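Visitor: sequence first, predicted coordinates after that:
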Amino acid sequence: MELVHIALLDNDTLKRHQKRETAPYEWIVFSPKRLTRYYGNAPLTCYGEKVRDELSKPHNTSVYLEQMGVNSWYSCVMDSDGVLQEKMGSFPLLCDVLAYDLFMAHTIFTANDFPTDIEGREEQDQHRVPAIIKNAEDAEDFEAYRLKKAQKNRIPLLLTMGLLVLTVGGSMALLTQAPPTPTVTVQKSDPFTQWQKEYQHSLQVGNALLNAQNLLVMAYLLPTGSSANTLTLRDGKLTLPVHNEPTINPSLWQQWLADNPSFSTHYDAKSHDVSVALSSQGHQPSDYNKETKKDMMQRLHYLGFGITLKEQRTPTKGVLVSQYQLTNTLPLAILDVVSEVLNNPLASIDELSLSLNDDVTVTINMGITLQGTTL
């Protein structure tokens with residue numbers, strides 16, 4: 001039983017993912033909060049979609065477990081917007097890999113008796129259902145859940161002919177020119193070395209959040225007639241637009257800037273933006289420690305964060321990359337606690353949006369990547 005690849009994306013990242021992870025077969029499923037791309041090299045079955053439909057699309061985070069063989073189990077993690085991930089393996093292995101999902105699940109659906117108890121779960125959280133996957137390959141109703149041929153852009157015939165004419169014309173012209181200078185081919189680095197370079201240029205989460213907190217504290221202290229309440233991560237910099245009312249006293253504004261050099265040194269009078277460049281990792285990647293990841297996610301959960309796994313992939317052998325979306329509204333002062341939780345070589349920040357509210361809380365939407373070596 002072979003599982004499809006799953007990527008949790010949005011409209012902005014779909015094309016990039018399709019270009020990076022090419023596949024002859026795929027299926028795109030849309031939901032209010034995201035889109036899910038299933039893909040593979042063969043018309044494989046998206047078992048998770050079938051499972052979710054059979055379970056009447058659970059409204060809360062749920063896990064489905066079904067025994068497929070003597071020491072082989074299938075698992076599917078779902079939430080209100082769709083399938084999050086599928087796994088196959090022994091029961092102890094799945095309990096280890098899905099420890100966080102099992103801990104967070106509102107309901108654990110199962111078609112079989114568990115060989116051992118699941119740590120931290122009460123019996124009322126488990127719900128017995130008929131087997132869904134067993135002997136699925138013989139079931140006609142699974143045909144609707146198979147991957148389809150990936151759609152490719154087709155150039156209209158006239159455009160193709162036009163390009164052909166231009167190509168032939170260009171070729172004839174080239175025949176009358178001097179031979180071209182030989183092209184020197186630069187050998188690309190191996191995938192692991194390339195990943196190491198990308199990791200070293202990724203941005204530190206802890207550093208980003210502490211700088212963001214400092215900027216928003218200063219924004220809260222801006223003089224009357226001046227405001228700044230939305231901070232974003234853009235081009236490796238934290239950017240905080242400052243809005244000055246027409247009625248602001250210019251001398252008062254200049255005096256405030258003079259009294260707050262930590263703010264004014266990053267302020268651009270032309271764009272009215274405050275920008276702070278972030279530090280990259282700059283060191284060698286560490287091991288992908290599952291216990292560290294589990295502890296990190298549990299602490300974020302205790303702080304009230306909504307956590308969504310967007311994508312998990314292996315860019316090269318011995319490397320695991322997991323991307324998460326984090327959302328929350330919390331006191332501005334707690335950002336340093338979040339910074340401490342995510343101040344780890346495993347974590348880097350991909351995107352950040354912070355909105356400062358009147359009650360000195362911040363609404364945060366943050367994308368992070370956890371990555372490291374698994375060998």
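Guide: Great, that's in hand.

Visitor: how near is Asp96 to Pro115?
Guide: Per CB to CB, to the nearest Å, Asp96 is found 14 Å from Pro115. C-betas here are computed from N, CA, C, even on glycine.

Visitor: now Glu54
Guide: Noted for Glu54: a distance of 24 Å to Pro115, by CB to CB.

Visitor: which one of the two has more residues nearby?
Guide: Neighbour comparison, Glu54 and Pro115: the larger count goes to Glu54, with 15 against 12 (by other CB atoms under 10 Å).

Visitor: list the buried residues for the stretch of helix or strand Thr327 belongs to?
Guide: Using DSSP states H and E, Thr327 sits in strand 319-331. Neighbour-count burial for strand 319-331 flags Val319, Leu320, Val321, Ser322, Gln323, Tyr324, Gln325, Leu326, Asn328, Leu330 (criterion: 16 or more other CB atoms under 10 Å).

Visitor: and the contacts of that strand?
Guide: Under the contact criterion CB atoms under 8 Å, 6 or more residues apart in numbering, strand 319-331 has outside partners 192, 195, 288, 293, 300, 303-315, 338, 350, 357, 360-374.

Visitor: following it, which helix or strand comes up?
Guide: helix 335-342.

Visitor: touching that following helix from outside, list them.
Guide: 205-207, 209-210, 212-213, 216, 296, 299-300, 303, 330, 349, 362, 364, 368.

Visitor: by how many degrees do that helix and strand 319-331 diverge?
Guide: Helix 335-342 runs at 160 degrees relative to strand 319-331, counting by axes from the mean of the first three to the mean of the last three CA atoms, to 10 degrees.

Visitor: put the alpha carbons of helix 335-342 into CSV.
Guide: Provided in CSV are the C-alpha atoms of helix 335-342 (Å, rounded to 0.1, in the frame of the first residue of the first chain):
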residue,chain,number,x,y,z
LEU,A,335,6.3,37.7,22.7
ASP,A,336,9.6,37.3,24.5
VAL,A,337,8.3,34.0,25.9
VAL,A,338,7.4,32.8,22.4
SER,A,339,10.8,33.9,21.3
GLU,A,340,12.4,31.8,24.0
VAL,A,341,10.3,28.7,23.0
LEU,A,342,11.4,29.1,19.3
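
Visitor: just how off-centre is whichever helix or strand comes after it within its chain?
Guide: Under the assignment DSSP H and E, the closest C-terminal helix or strand after helix 335-342 is strand 347-356. Offset of strand 347-356 from its chain centre (CA atoms, centre = their mean, to the nearest Å): 12 Å.

Visitor: how about stretch 40-53?
Guide: 21 Å.

Visitor: next: stretch 240-252.
Guide: 37 Å.

Visitor: any buried residues in it, and which?
Guide: Leu240, Val242, Ile248.

Visitor: closest to Leu233 out of those?
Guide: Leu240 (10.8 Å; CB to CB).

Visitor: can you tell me how far that closest one sits from Thr369?
Guide: Distance, Leu240 to Thr369, using CB to CB: 23 Å.

Visitor: go on, Ser355?
Guide: 23 Å.

Visitor: can you give me the helices in the stretch 1-150 of the chain?
Guide: 11-20, 47-54, 91-97, 99-104 (DSSP state H, counting those that start in this stretch).

Visitor: ah, wrong one, I meant the stretch 151-300 of the chain
Guide: Using DSSP H, counting those that start in this stretch, helices in the stretch 151-300 of the chain cover 157-175, 191-201, 205-220, 250-259, 261-264, 290-302.

Visitor: what residues are up against Gln298?
Guide: Per CB under 8 Å, 6+ apart, neighbours of Gln298: Tyr100, Phe103.

Visitor: low pLDDT regions in the stretch 151-300 of the chain?
Guide: 151-189 (pLDDT under 70).

Visitor: the same query, at a cut-off of 50, please.
Guide: Residues of the stretch 151-300 of the chain meeting the criterion pLDDT under 50: 153-176, 178, 186.

Visitor: and the residue nearest the centre of the protein?
Guide: Gln323 (3.4 Å; CA atoms, centre = their mean).

Visitor: may I have the beta-bridge partners of that one?
Guide: Glu311, Thr369 (DSSP bridges).

Visitor: please apply the same query to His243.
Guide: Ser227.

Visitor: for it, give its distance to Ser271.
Guide: Taking CB to CB, one finds His243 at 12 Å from Ser271.

Visitor: mind listing what the closest residue to Asn60 other than its chain neighbours touches?
Guide: Nearest residue to Asn60, sequence neighbours excluded (CB to CB, 6 or more residues apart in numbering): His106, at 3.5 Å. Applying CB under 8 Å, 6+ apart to His106 gives the contacts Pro58, Asn60, Thr61, Ser62, Asp125.

Visitor: let me know the pLDDT of His106.
Guide: Looking at His106, its pLDDT is 86.

Visitor: pop out the phi and psi values for it.
Guide: Main-chain dihedrals, His106, degrees, to the nearest 10: phi -70, psi -40.

Visitor: give me the neighbour count for the residue lying closest to Glu2 once chain neighbours are set aside.
Guide: The spatial neighbour of Glu2 that comes closest, neighbours along the chain excluded (CB to CB, 6+ apart), is Leu44 at 5.8 Å. Residues lying near Leu44 (other CB under 10 Å) number 19.

Visitor: of the helices of the stretch 1-150 of the chain, which is nearest Arg234?
Guide: Per CB to CB, nearest to Arg234 of the helices of the stretch 1-150 of the chain: helix 11-20, 13.8 Å.

Visitor: buried residues in the closest one?
Guide: Neighbour counts using 16+ other CB under 10 Å place Thr13, His17, Gln18 of helix 11-20 among the buried residues.

Visitor: closest to Ala277 out of those?
Guide: Thr13 (24.1 Å).

Visitor: burial count for Asn229?
Guide: By the criterion of other CB under 10 Å, Asn229 has 18 neighbours.
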